[in-house]
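Colleague: what would the 3D arrangement of this be:
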Amino acid sequence: MKEQLSEIYWPLRITYGLVPLLAGLDKYTNILTDWQHYVSPTAASMLPMSVQTFMHIVGIVEILVGLAVLLGFTRLGGLVVVAWLALISINLLLAGYFDVAVRDLVMAVGAYTLSMVAAERAEEYVPRFATGGVRPFAHQ
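Modeller: Purely as a prediction, here's the structure:
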């Protein structure tokens, strides 16, 4: 079964690692799009900083989450991606970008699937190499 799971695990892991990583990097270059355009006026009015500064912080979070998924924190990273995409979808709904919001919710389902496949592969939330061999969150 674990071998069959690898057929879906690796494409999902690469996708949910690279897409946030690249989107996060693009928050600094705006090559793909003008990301500030997607921040709803409601969200922008609640920010204690400029939208540009906020998008740079968003970029850092996305880069870290993408790296986490790629570097083996796949189960935990997948769940963070689910929450992140759900929050982005709420913002997009407020901004009136219904089509993009729905796509992000679909992507959230894929990220959840990645996390569940990682669980079936018996991956820890935090890999042992990151904890000096200790199994955090392990059931005793």
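
Colleague: and Val51, how far from Leu94?
Modeller: 14 Å (Cβ to Cβ, to the nearest Å). For the C-beta atoms, the positions are set from N, CA and C on the backbone; glycine is no exception.

Colleague: in contact with Tyr112: list those residues for me.
Modeller: 78-79, 82 (Cβ atoms under 8 Å, 6 or more residues apart in numbering).

Colleague: now with 7 Å, please.
Modeller: The contact partners of Tyr112, by Cβ atoms under 7 Å, 6 or more residues apart in numbering, come to 78, 82.

Colleague: distance of it relative to Leu47?
Modeller: Counting by Cβ to Cβ, the gap from Tyr112 to Leu47 is 28 Å.

Colleague: again with Met107
Modeller: 24 Å.

Colleague: need the pLDDT of the spatially most central residue of the chain.
Modeller: The residue lying closest to the centre of the chain (Cα atoms, centre = their mean) is Val81, at 2.7 Å. Here the pLDDT value assigned to Val81 is 96.

Colleague: now it: which helix or strand?
Modeller: Assigning secondary structure by DSSP states H and E places Val81 in helix 74-95.

Colleague: just how off-centre is that helix within its chain?
Modeller: Its chain's C-alpha centre and that of helix 74-95 lie 6 Å apart, by Cα atoms, centre = their mean, to the nearest Å.

Colleague: could you do stretch 37-54 as well?
Modeller: On Cα atoms, centre = their mean, the centre of stretch 37-54 falls 20 Å from that of its chain.

Colleague: which residues are contacting that stretch?
Modeller: Contacts for stretch 37-54 (Cβ under 7 Å, 6+ apart): 36, 91-92, 94-95, 97.

Colleague: in that stretch, what counts as buried?
Modeller: 38-40, 43, 51, 54 (16 or more other Cβ atoms under 10 Å).

Colleague: end-to-end on it?
Modeller: Start-to-end span of stretch 37-54 (Cα to Cα, to the nearest Å) is 12 Å.

Colleague: against Arg121, how distant is Glu3?
Modeller: 10 Å.

Colleague: pLDDT averaged over stretch 63-74 - what is it?
Modeller: Here stretch 63-74 scores 95 as its mean pLDDT.
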